[in-house]
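Student: What shape does this take:
(chains A and B)
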Amino acid sequence: MSVLISAKTRVLIQGITGYQGEFHAARMREFGTQIVAGVTPGKGGTDARGVPVFETIAEAVAATGATAACLFVPARAAKDAALEAIEERLDPVVIITEGIPVHDSVQIVAWAGQTGVRVIGPNCPGLTSPGQCKIGIMPNPLFTEGPVGVISRSGTLTYEIVAALTQHGIGQSTALGLGGDPVVGMSFTDGLRLFEDDPQTKAVILIGEIGGSAEEDAAQFIRAHMTKPVVGYIAGRTAPVGKRMGHAGAVISGTAGTAASKIAALEAAGVKVATLPADVVRLVREVL
Amino acid sequence: MKLHEFQAKEMFAAYGIPTQKGLVIEDPAQVTRLSLKYPVVLKAQVLVGGRGKAGGIKLAATPDEARVRAAAILGMDIKGERVRRLLVAEAVDIGAEYYLAFIIDRTARRLTAIASAAGGIDIEEVARTSPEKITRQTVHPFVGFHAYHARKLGRSLGLTGTLLSDFGAVAGALSKLCIAEDAELAEINPLAVVGGRLLAVDAKVIIDDNAVFRHPALPPNEELTELERLARGAGLAYVELDGDIAVIGNGAGLVMSTLDVVAHFGGHPANFLDVGGGASTENMRQALAIVVRKPGVRALFINIFGGITRCDDIARGIVATPPPVGMVVRLVGTNEVEGRKILEAAGISAYRDPQEAAQAVVVLAASPSGQVGRVRK
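Tutor: Modelled structure (predicted):
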């Protein structure tokens, strides 16, 4: 089992003819993902390395039965692309694009909420279920199938931790990158709920970072609803107040959003929080 | 991107939000030439908070007094920021003070109006000590903020009559500003009663950095240091800190974690630069050129986990731009073998384990010879 996606997922790539879209569509296929269609306005009727390209999602779905979307379109065109994917009820809609204006993300997320479509990102690496499907840009060779669910606001830090798990013989059910923007679709809480209900997942790793209160909200959910063990890691312990630390969402404002507040909340909910990324594997071993 | 008070007030005026009559000066001599009614208030235009407590806001009853005060404030250092400009405004008799802001609420994932009758003081303090004094109204992006929302908020502050209708006009205008100008925060604190009407006595606006491309007329971002501006121009995320180890990595989370690991082993990062996903050789060259320009850098730590970013591209950038300080490289991921070959040909060996690498760079920065030569594994 896996969460959100499976071997049956039929993926449509928005922006498949661009540099990143074309490259990552090929990597996803190598992983075993069914890439059934591409959409690039102005390039309908062509094909991208054998994948048919359409002008609209409606046409693409009618012709190919696509069920999920992955966006590589530039930030200024991303709102239009995401709203279209949601309107056509592709699910999940995975937005890789970085730098989308936050008011645009607010609209995207609101429309998703109204239609029941699950949006992942923006500014995220996507999600990977080893042996099943990958949507996004996570490097293929890191993964191996197994019992650990991973949810994260950071791409490369996810790779770092997944690579260490695999190296130590611990596989993953699904790795889910939520994205580094202040407003994103799926939250830690949404991801935890899916992993709690997934029979393959035996433990969950939550990789958070400074800014906002998503980790504190997750801690409340864990305390109230999680029966499976959760291991945490929070990046940004030494970050100064008020600086945007690379991710648009990683800013400590006033006393809110600090690593200390997040770690305290998670520990109070029974989560074992690693001080160094390298400690995560050891803590996972202890709870498996 | 944070605007200065005077810039935010210009924006307010364009949306019909009333503010005091005032002008901006950069030289104390200019103050006596302004046609303003005295007394006036002189306000340092800085982006850091707490300027009042730091002596950056003064009243003056006469032009002579204003000149003396202006000379004292201009050039003053407030929390590391030099005062280059003063806003001189006609002083007003303030009655009740309210708070009104629109902000992107990350949890609600909506634009949200926040109002309070406890204006004029730090709103975060109010939120902590007496949250019942704060009213919130989320704005559905497809419905918008309407007069009835404003009335509801205004009534929660106890407003009636002219003040209630003034409040509606101000709140409506502020919501329009926020959406049209892509503000992540637009705040009036205090929104004060002056002569029976509402007036925005202070103004704070933060524009979403991701949306700056839609607003070509915005003034330059003054929050950034010279190097931060240079990096942003090159499409790189760069932040200055105050230690002596320059840090380059790919991906914000990995870089933040790298800073933590360096600090854990007793090191002090000088800055960090995130070359981002899919960094090219050219990005890496620019990154190297920027981080070592920060004064006081004694060692450089490059921590790369190649995903979309390819290790050989990174290695080519490193070899092409040898840093003037000792360097520790950790390189794993996509095209790692090719990357290591390129580095080894230039006499550089790279670590695989991030913790070992972090410990090595801390030692390097602390060693007297940290500024010369290269460290080998």
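Student: Identify the residues contacting the residue nearest the centre of chain A.
Tutor: Centroid-nearest residue in chain A, with CA atoms, centre = their mean: residue A:177, separated by 2.6 Å. Applying CB atoms under 8 Å, 6 or more residues apart in numbering or on different chains to residue A:177 gives the contacts A:120-121, A:124-127, A:136, A:138, A:152-155, A:158. Every C-beta, even on glycine, is put in place using the N, C-alpha and C of the backbone.
Student: again, only this time at 7 Å
Tutor: Applying CB atoms under 7 Å, 6 or more residues apart in numbering or on different chains to residue A:177 gives the contacts A:124, A:125, A:126, A:127, A:136, A:152, A:155, A:158.
Student: before we move on, what about residue B:91?
Tutor: Each residue near residue B:91 by CB under 7 Å, 6+ apart is listed here: B:39, B:40, B:41, B:59.
Student: Look over the contacts of residue A:177 and name the one with the lowest pLDDT score.
Tutor: Least confident entry in these, by pLDDT: residue A:155, with 89.
Student: which non-adjacent residue is nearest whichever residue of the stretch 51-200 of chain A sits closest to chain B?
Tutor: Nearest residue of the stretch 51-200 of chain A to chain B (CB to the nearest CB) works out as residue A:154 at 2.1 Å. Distances taken as CB to CB, 6 or more residues apart in numbering or on different chains place residue B:253 nearest to residue A:154, at 2.1 Å, with adjacent residues excluded.
Student: Am I right that that neighbour sits in a helix?
Tutor: Yes. Under DSSP: H, G, I helix; E, B strand; the rest coil, residue B:253 falls within a helix.
Student: I figured it hits residue A:233, correct?
Tutor: No. Counting by CB atoms under 7 Å, residue B:253 sits too far from residue A:233 to count as a contact (9.5 Å).
Student: higher neighbour count, the two?
Tutor: Shown here are residue B:253 and residue A:233; by other CB atoms under 10 Å in any protein chain shown, residue B:253 has more neighbours (33 against 29).
Student: And the more buried one, how far from residue A:29?
Tutor: Distance, residue B:253 to residue A:29, using CB to CB, to the nearest Å: 27 Å.
Student: what do you get for residue B:261?
Tutor: Per CB to CB, residue B:261 is found 36 Å from residue A:29.
Student: how deep is the closest residue to residue A:187 other than its chain neighbours tucked in, by neighbour count?
Tutor: Setting aside the residues directly before and after it, residue A:187 is nearest to residue A:214 in space (CB to CB, 6+ apart), at 5.6 Å. Neighbour count for residue A:214, taken as other CB under 10 Å: 23.
Student: What does the pLDDT read for residue A:214?
Tutor: With respect to pLDDT, residue A:214 has a value of 92.
Student: With residue A:240 instead?
Tutor: So, for residue A:240, pLDDT stands at 82.
Student: Give me the nearest residue to it, chain neighbours excluded.
Tutor: Leaving aside its chain neighbours, residue A:240 sits nearest to residue B:241 (6.6 Å; criterion: CB to CB, 6+ apart).
Student: how close does the one you found get to residue B:259?
Tutor: Here the criterion is CB to CB. By it, residue B:241 lies 8 Å from residue B:259.
Student: Kindly report the same for residue A:194.
Tutor: Shown here: residue A:194 relative to residue B:259, a distance of 31 Å by CB to CB.
Student: out of these two, which sits in the busier spot?
Tutor: Using other CB under 10 Å, the more surrounded residue of residue A:194 and residue B:259 is residue B:259, with 29 against 20.
Student: my guess is that one contacts residue B:267, does it?
Tutor: No. If you go by CB under 7 Å, residue B:259 and residue B:267 don't touch, sitting 9.1 Å apart.
Student: Need the overlap of contacts for these two.
Tutor: Counting by CB under 7 Å, 6+ apart, nothing touches both residue B:259 and residue B:267.
Student: Go ahead and list the helix or strand containing the residue lying farthest from the centre of chain A.
Tutor: Within chain A, residue A:45 marks the point farthest from the mean C-alpha position, 30.5 Å out by CA atoms, centre = their mean. Using DSSP states H and E, residue A:45 is not contained in any helix or strand.
Student: quick one, phi psi at it?
Tutor: Dihedral angles of residue A:45 (phi, psi; degrees, to the nearest 10) stand at phi 90, psi -10.
Student: Next, work out how far apart it and chain B are.
Tutor: For residue A:45, the distance to chain B equals 29 Å [CB to the nearest CB, to the nearest Å].
Student: quick one: the host helix or strand of residue B:178 to chain centroid distance?
Tutor: Using DSSP H and E, residue B:178 falls within helix B:161-180. Relative to its chain's centre, helix B:161-180 lies at 26 Å (CA atoms, centre = their mean, to the nearest Å).
Student: now stretch B:308-325
Tutor: 30 Å.
Student: So what touches it?
Tutor: If you take CB under 7 Å, 6+ apart as the criterion, stretch B:308-325 is touched by A:137, B:250, B:277-281, B:284-285, B:288-289, B:292, B:297-300, B:302, B:304, B:329, B:331, B:333-336, B:338-339, B:342-343, B:346, B:348, B:370-371.
Student: For the buried ones among these, write the corresponding PyMOL selection.
Tutor: In PyMOL syntax, the buried subset of these is picked out as below (16 or more other CB atoms under 10 Å in any protein chain shown):
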select buried, (chain A and resi 137) or (chain B and resi 250+277+278+279+280+281+284+285+288+292+297+298+299+300+302+304+329+331+333+334+335+336+339+342+343+348+370)
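Student: Of the contacts of stretch B:308-325, which belong to strands?
Tutor: Using DSSP state E, the members of these that fall in strands are B:299, B:300, B:302, B:304, B:329, B:331, B:333.
Student: Checking residue A:146 next. Helix, strand or coil?
Tutor: Following three-state DSSP, we place residue A:146 in the strand state.
Student: Kindly tell me how buried it is, as a neighbour count.
Tutor: 19.
Student: shouldn't it be in contact with residue A:171?
Tutor: Yes. Under the criterion of CB under 7 Å, residue A:146 makes contact with residue A:171 at 1.7 Å.
Student: So what's the residue count around residue B:16?
Tutor: The local packing of residue B:16 (other CB under 10 Å) involves 12 other residues.
Student: residue contacts, it?
Tutor: By CB under 7 Å, 6+ apart, the contact set of residue B:16 is residue B:173.
Student: any idea how far it lies from residue B:98?
Tutor: Using CB to CB, one gets 18 Å for the distance from residue B:16 to residue B:98.
Student: One more: residue B:173?
Tutor: As judged by CB to CB, residue B:173 and residue B:98 stand 15 Å apart.
Student: Please identify which of these two sits among more neighbours.
Tutor: More neighbours surround residue B:98 than the other of residue B:173 and residue B:98, with 25 against 19 (other CB under 10 Å).
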